[in-house]
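Chemist: Take a look and give me a structure for this.
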Amino acid sequence: MMNIAVLVSGGGTNLQAILESEARGENPNGKVTLVLASRPDIYALKRAENFHVPSAVVRKKDYPDSTAFDEALIRTLREHHIDLVVLAGFLSVLGPKVIQAYPSRILNVHPSLIPSFCGNGFYGLKVHEAALARGVKVTGATVHFVNEECDGGPILLQKAVEVKPNDTPEVLQKRVMTEAEWVLLPKAIAMVCNGEM
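Modeler: All right, here's what the predicted structure looks like:
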């Protein structure tokens, strides 16, 4: 059984999808045992509480530099005996020490079909704004392993989502979440926990 930490910075909709999938028995070899937040005032922590999952807050501004922040993240993960780290809208960039502490054991979901609209500066609504500005007919989501290159790790799963003529960034974001992110992320986690990746 793999202990999973989900790292969050906002509302926690991907966290909700992961916890609901787990509750349905779709990941028999893994369990979310920690929700780690970058801020104390986010709704994702309420979602963790609703599912009786322990949580912790590690705020970057509480540490003198990124090295100390990374060490605090690693310490918190190790205290909870975490085997797999899942980034679900976590807005702090993980430093090399964290990535080296969990080689091929950190997953991220990105709201585009990598290599499109990814890398530095592409997060949240910015991804969907760029997709609409470019005029693409198809976008989607990607789950990948995290390495030192932003959005550059090996891809596990991708799912395409149609872009519709009157889409706004907000409408497109919601469709990508419901049709792709909330489907792919729990599936990828289960694959890793089952030893398929």
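Chemist: what's near enough to touch residue 32?
Modeler: Residues in contact with residue 32 (C-beta atoms under 8 Å, 6 or more residues apart in numbering) are 4, 5, 6, 18, 19, 22, 51, 53. (C-beta placed from N, C-alpha, C; glycine too.)
Chemist: Now do it, the pLDDT please.
Modeler: On the pLDDT scale, residue 32 is placed at 98.
Chemist: and the closest residue to it other than its chain neighbours, how far is that from residue 71?
Modeler: Spatially, and ignoring its direct neighbours in sequence, residue 32 is nearest to residue 4 (4.7 Å; C-beta to C-beta, 6 or more residues apart in numbering). Separation of residue 4 from residue 71 (C-beta to C-beta, to the nearest Å) stands at 21 Å.
Chemist: Between these two, tell me which one has more neighbours.
Modeler: A side-by-side neighbour count of residue 4 and residue 71, using other C-beta atoms under 10 Å, places residue 4 first with 26 against 16.
Chemist: Mind listing the residues bridging to the more buried one?
Modeler: Beta bridges link residue 4 to residue 32, residue 84, judged by DSSP bridges.
Chemist: give the contact list for it.
Modeler: 18, 30-34, 82-86, 189, 193.
Chemist: Export the longest helix along the chain to CSV, keeping only CA atoms.
Modeler: If you go by DSSP state H, the chain has its longest helix at helix 66-79. Output of helix 66-79 as CSV, limited to C-alpha atoms (Å, rounded to 0.1, in the frame of the first residue of the first chain):
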residue,chain,number,x,y,z
SER,A,66,13.7,28.1,-1.3
THR,A,67,16.3,25.6,0.1
ALA,A,68,14.8,25.9,3.6
PHE,A,69,11.3,25.6,2.1
ASP,A,70,12.3,22.5,0.2
GLU,A,71,13.8,20.9,3.3
ALA,A,72,10.5,21.6,5.2
LEU,A,73,8.5,19.9,2.4
ILE,A,74,10.8,16.9,2.5
ARG,A,75,10.7,16.7,6.3
THR,A,76,6.9,16.9,6.3
LEU,A,77,6.6,14.2,3.6
ARG,A,78,9.0,11.9,5.4
GLU,A,79,7.2,12.4,8.8
